[in-house]
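# What follows is a predicted protein model with its sequence.
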Amino acid sequence: DAGTSDGLPTKVSVISIKNNLPNNWQNIIKGAGIKLNNSLLTPTQTVINQNSITFEFAEGTLSVPNQGNLTLDFSVYLKDSGLIDQTPIQCFVDPTSFDSYLTGSAFSLSFPPIISNLFTVEVVATKINIVQQPSLILPTIPFSLQAEVTDVNGNRDITYSGNLTLQLSLGTGQLSTSGSLIQPVSNGISLWNNVTYNQTEIIQLSVVDNNTVLQPAYSNFIYCVSPSNPLIDNFNDGNFSQNPTWVGNTGDFIINTSYQLELNTVVSGSTNYAYLTTPVKLADDSIEWQVWIKLAIIPSSNNNVKYY
């Protein structure tokens, strides 16, 4: 407060901290606060917009004494998820950042903008996630798998430096690749191509950190099966897990009392699907498909069956 002739304090009504960069604060910042003398103030409202954080105060909550000053500490805390590692954050205040009640002094409208230091979102990986994996593979036929390094909330650490190893955690066969089962992490991602497995059985893969710092990740169960030729299944064995093996959303299907494959899932209010698939060897000259399907629904553009 400049201590002008009015002899009044400046009663703060609004403080607006502004974004000095083109990123969207609503995607980064979860909450914010202001402290006075190490005590957190209680605004009547705190609004986080794309380009600003605005605090509104009741009259008398925050007052600058006549011819005095206050030092305020501004802080933010980040969203739990959806963060992008190495995102910069910088803020500023200018004359339009402050407003006051008419019962006290007004803020100056002529001081230059004050820009903060540059801060950076730093994601520190604590675990591994498998983000791409097959549900069904064929013996000795190449497949791919992809893993990422993230913090506990799933934010990817793009500056992590190290190697991840793909290994067999369940199975009796041989896991191999034309490259290496040890892959570097680049931009938070490790990728294995041309991976093969030589035994028909259910397997599980794991991805581990060579530095033993990150929590390892385990794949879903993967079916390694030989394709049928010909493919015949009337489900009279009461299952779809063998002879032949069908994989996919297996929890959404049953074999009913008439030994028929039946969709058995709850209605979803969102776009969703349930599927089963099995490999088959295709003849070179001609192919014939025969299938019996009964629909107990009224088909529509978003409620239908696909067979291919």
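Cool, got the structure.

# ok, the helix or strand bottoming out on mean pLDDT in the chain: who's next to it in the sheet?
Lowest mean confidence among the helices and strands of the chain (mean pLDDT, DSSP states H and E): strand 247-248, at a mean of 86. In the sheet, strand 247-248 lines up against strand 276-277 (antiparallel) (DSSP bridges).

# Tell me how far the strand it pairs with lies from the chain's centre.
Centroid separation between strand 276-277 and its chain, computed with CA atoms, centre = their mean, to the nearest Å, is 27 Å.

# pLDDT on that strand, on average?
For strand 276-277, the mean pLDDT works out to 88.

# One more: stretch 51-64?
96.

# Can you list the buried residues in it?
Of all the residues in stretch 51-64, those buried under the rule 16 or more other CB atoms under 10 Å are 53, 54, 55, 56, 57, 61, 62, 63, 64. All C-beta atoms are positioned from the backbone trio N, CA, C, and that covers glycine.

# Give the residue spans of the protein that score low on pLDDT.
Low-confidence segments of the chain, defined by pLDDT under 70: 3, 267-271, 283-285.

# Quick one: the strands in the stretch 101-250 of the chain, in order.
114-115, 119-120, 127-132, 136-137, 143-150, 163-170, 175-177, 182-184, 189-197, 201-209, 217-218, 222-224, 247-248 (DSSP state E, counting those that start in this stretch).

# and the ones you listed as CSV, adding distance to residue 80 and mean neighbour count?
Formatted as CSV, the strands of the stretch 101-250 of the chain follow (distance: least, CB to CB, whole Å; neighbours: other CB atoms under 10 Å):
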stretch, distance to residue 80, mean neighbour count
strand 114-115, 28, 12
strand 119-120, 18, 11
strand 127-132, 15, 17
strand 136-137, 34, 18
strand 143-150, 12, 22
strand 163-170, 24, 17
strand 175-177, 35, 17
strand 182-184, 28, 16
strand 189-197, 21, 19
strand 201-209, 23, 19
strand 217-218, 20, 18
strand 222-224, 31, 23
strand 247-248, 32, 20
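
# Distance to residue 78 for those - can I get that in JSON lines?
Supplementary listing: those in JSON lines, determined by distance: least, CB to CB, whole Å:
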{"stretch": "strand 114-115", "distance to residue 78": "21"}
{"stretch": "strand 119-120", "distance to residue 78": "10"}
{"stretch": "strand 127-132", "distance to residue 78": "18"}
{"stretch": "strand 136-137", "distance to residue 78": "39"}
{"stretch": "strand 143-150", "distance to residue 78": "15"}
{"stretch": "strand 163-170", "distance to residue 78": "26"}
{"stretch": "strand 175-177", "distance to residue 78": "38"}
{"stretch": "strand 182-184", "distance to residue 78": "28"}
{"stretch": "strand 189-197", "distance to residue 78": "22"}
{"stretch": "strand 201-209", "distance to residue 78": "25"}
{"stretch": "strand 217-218", "distance to residue 78": "24"}
{"stretch": "strand 222-224", "distance to residue 78": "36"}
{"stretch": "strand 247-248", "distance to residue 78": "38"}
